[in-house]
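**Q** return a 3D structure for these sequence lines:
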Amino acid sequence: MQSLSYFYNCSREYVDSISPDLYDEILHVISKLPKRETQSQINLDLFWLLASKGWSYDMLPARLNPEPPFDLSIKSVNLEDIKSANATDICLTTTTLEARWRSDYAKLFGGRLVQIEAQFGKVEAMFKDFCGFRIARYERRLALGIEIVMSEPAKYFSHRRASTSGMAYFGIAKKTLPAIGLECPIWLVGIK
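**A** Down below sits the predicted model:
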């Protein structure tokens, strides 16, 4: 897959300041995504690709096989090792509010927290993701939030166009971020 990037309250240089490998790591993960029929299949692929690179996750995806799909070309990955290395607590959006709100993925880079939300659902769910990034930043925990969305869901899922109505997508996210005025750094990644 190819990707689009939009940096809100941050820049490529800021991402590089967190880790010189972070930008390339995320784009490499996106580039390894094969074309899939459904959003849930893309979520499964993202799980394997991110977990194999040390990203912690909130929960295991439904219908997860014990081995990654062959076409992802992930070598030497063991689901039990991934489970034992998982640090679910860093996926917490808040540690001060009485909410059990979590990001999809998270990773620490030298003590700097980066959280990822993969949003292939409705636009409203994307706003919840942005709010979660804002809360984690307010608590001085989050260095960067990464939001992954489709760039053109109706085109990507042309075989099931009706199911893409109201789906979050790159263009609406890019227009919305400046309008809602969040104070946290967000890297928006569009899959195309």
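**Q** mind listing what the closest residue to Ser31 other than its chain neighbours touches?
**A** Leaving aside its chain neighbours, Ser31 sits nearest to Met1 (6.3 Å; criterion: C-beta to C-beta, 6 or more residues apart in numbering). Every C-beta, even on glycine, is put in place using the N, C-alpha and C of the backbone. Shown in contact with Met1 (C-beta atoms under 8 Å, 6 or more residues apart in numbering): 30-35, 191-192.
**Q** let's see the lengthiest helix in the chain as PDB, backbone CA atoms only.
**A** Counting residues, the longest helix found in the chain (DSSP state H) is helix 123-138. Provided in PDB are the C-alpha atoms of helix 123-138 (Å, rounded to 0.1, in the frame of the first residue of the first chain):
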ATOM      1  CA  VAL A 123     -16.000   9.600  11.500                       C
ATOM      2  CA  GLU A 124     -17.400   9.900  15.000                       C
ATOM      3  CA  ALA A 125     -15.000   7.200  16.200                       C
ATOM      4  CA  MET A 126     -12.100   9.200  14.700                       C
ATOM      5  CA  PHE A 127     -13.100  12.200  16.900                       C
ATOM      6  CA  LYS A 128     -12.900   9.900  20.000                       C
ATOM      7  CA  ASP A 129      -9.400   8.900  18.900                       C
ATOM      8  CA  PHE A 130      -8.400  12.600  18.700                       C
ATOM      9  CA  CYS A 131      -9.900  13.200  22.100                       C
ATOM     10  CA  GLY A 132      -7.900  10.300  23.500                       C
ATOM     11  CA  PHE A 133      -4.700  11.800  22.100                       C
ATOM     12  CA  ARG A 134      -5.600  15.200  23.600                       C
ATOM     13  CA  ILE A 135      -6.200  13.700  27.100                       C
ATOM     14  CA  ALA A 136      -3.000  11.700  27.100                       C
ATOM     15  CA  ARG A 137      -1.100  14.900  26.000                       C
ATOM     16  CA  TYR A 138      -2.900  16.900  28.700                       C
END
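**Q** after that helix, heading C-terminal, what element do we hit next?
**A** Where DSSP states H and E defines the elements, the next helix or strand beyond helix 123-138 is strand 142-150.
**Q** noted, bye for now.
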